[in-house]
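> I'll drop the sequence and a predicted model, then ask my questions.
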Amino acid sequence: MKKRILMGIIATSILLSGCGASNNTPAESANNGISDAIMQEHSYMEDATAASSKEQESDKEATAEVGNIVLPKYTALRTSEEAGTIEHITYPSHDYAGDGSEITKEANIYLPAGYSEDKKYNVMILMHGIGGDENEWGLTKSTSRVKAIMDNLSYYGDIDSFIVVTPNGRACKLGGEEGSGIESFYLFGQELRNDLIPYIDSHYSTYADYSDGYDLSIAREHRAIAGLSMGGMQTINIGIGECVDIFGYFGAFSAAPTSNIASKTASIIKDKEYPIYYFYNICGLQDNIAYQSASAAAKTLPALSEKFVDGENFTWQELDGGHDFRIWYLGFYNFAQIAFK
């Protein structure tokens, strides 16, 4: 039942944003509940806010903590040498849901303030939801909320700042008439392994020693993957389920239906040699789209697998909230403090 529901959601997403869509398919045929789900996904987004002079002059003590709110000073807009930068990139990939032909994909990248080729950086892949693309997290402008959170966590000394990448999570030729929009989300692990991660490692100063045929697992402790809704499903099914040799840190924010249930994840990684450095989860209690699936996917993992220890390398966080960016910005804020520690 859950799989049929999500397939319907994905089909609507194809209508709205292009993978494998036909121009003759009427959007009005979409199920109203699915449309509501996508509407909720886009119902609340914020930019950074201008910092007051008092905030600008405050000392640089680390005061952030993993909790139920994003402290206001961590959403303030920073400028000049205190601010990171955003780049929009294109990279070669393949139509994994279609004929395997070479295609060009796009992504946005946050580089920390003072980014230098003389320093090595950790990398977080941050995935969008069913109705979005590489721009859904807003990592396209100087007032990006994600950018503000990263700038301030670094400025106040709460984190050793890292690179954030927001790609398009559909592993297919976008807007094409061939290929499967449904399968494209589930095949993204191939793009991560073969195309996106090698591109990042070869073009930016990461901890990986890039070369043709290099071993991606060597730098797994310096990579994280996280995502909202559909991106949370990809974090679980692909990040932990298929690419645990590539990533060491995982964050699922309101993980969508068809996320692997906890028993399946526990079974998949039972004999894997790679440790889980941290798996963080968050979901709103009033989220009628994802709460059931997200809790089934993660809440009981510490009871089912010795690889997850609550309070040590695992967090399940639930609080009042729905299926929107109030939860997801908080999830990012909290996970950014946890990753790479």
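Looks like it arrived, so ask away. Residues are numbered from 1 along each chain as shown.
> Surely Val309 touches Pro302?
Yes: contact criterion C-beta atoms under 8 Å: Val309 and Pro302 qualify, at 6.0 Å. All C-beta atoms are positioned from the backbone trio N, CA, C, and that covers glycine.
> Which of those two has more residues huddled nearby?
Comparing Val309 with Pro302 by other C-beta atoms under 10 Å, the one with more neighbours is Pro302, at 20 against 12.
> now the strands: where do they sit in the protein?
For the chain, applying DSSP state E gives strands covering 49-50, 76-77, 85-94, 102-111, 123-127, 163-167, 223-228, 249-253, 278-284, 314-319.
> So which of those is nearest Thr63?
strand 76-77 (13.1 Å; C-beta to C-beta).
> strands paired with the closest one, and their directions?
Within its sheet, and counting by DSSP bridges, strand 76-77 is paired with strand 49-50 (parallel).
> Run through who's touching the partner strand.
Pro72, Thr75, Ala76, Leu77, Ala148 (C-beta atoms under 8 Å, 6 or more residues apart in numbering).
> what's the burial count for the fourth one?
This points to Leu77. Neighbour tally, Leu77, other C-beta under 10 Å: 18.
> mind checking pLDDT for the residue lying closest to it once chain neighbours are set aside?
Using C-beta to C-beta, 6 or more residues apart in numbering and skipping residues adjacent in sequence, the residue nearest Leu77 is Ala48, 4.1 Å away. Per-residue pLDDT puts Ala48 at 90.
> Contact partners for Ala48?
Counted by C-beta under 8 Å, 6+ apart, Ala48 has contacts Thr75, Ala76, Leu77, Ser142, Thr143, Ser144, Arg145, Lys147, Ala148.
> His88 too?
Counting by C-beta under 8 Å, 6+ apart, His88 makes contact with Glu106, Ala107, Asn108, Ile109, Thr140.
> again, only this time at 7 Å
With contact set as C-beta atoms under 7 Å, 6 or more residues apart in numbering, His88 has these partners: Glu106, Asn108.
> what is it paired to in the beta sheet?
Applying DSSP bridges to His88 gives these bridge partners: Asn108.
> Counting neighbours, which bits of stretch 147-157 end up buried?
Lys147, Ala148, Ile149, Met150, Asp151, Asn152, Leu153, Ser154, Tyr155, Tyr156 (16 or more other C-beta atoms under 10 Å).
> Report the residue spans of the stretch 101-250 of the chain with pLDDT below the cut-off.
The stretch 101-250 of the chain contains residues with pLDDT under 70 at 176-181.
> residue ranges of the helices in it, please?
Remark: helices assigned in the stretch 101-250 of the chain by DSSP state H, counting those that start in this stretch are 145-155, 181-186, 188-191, 197-203, 230-234.
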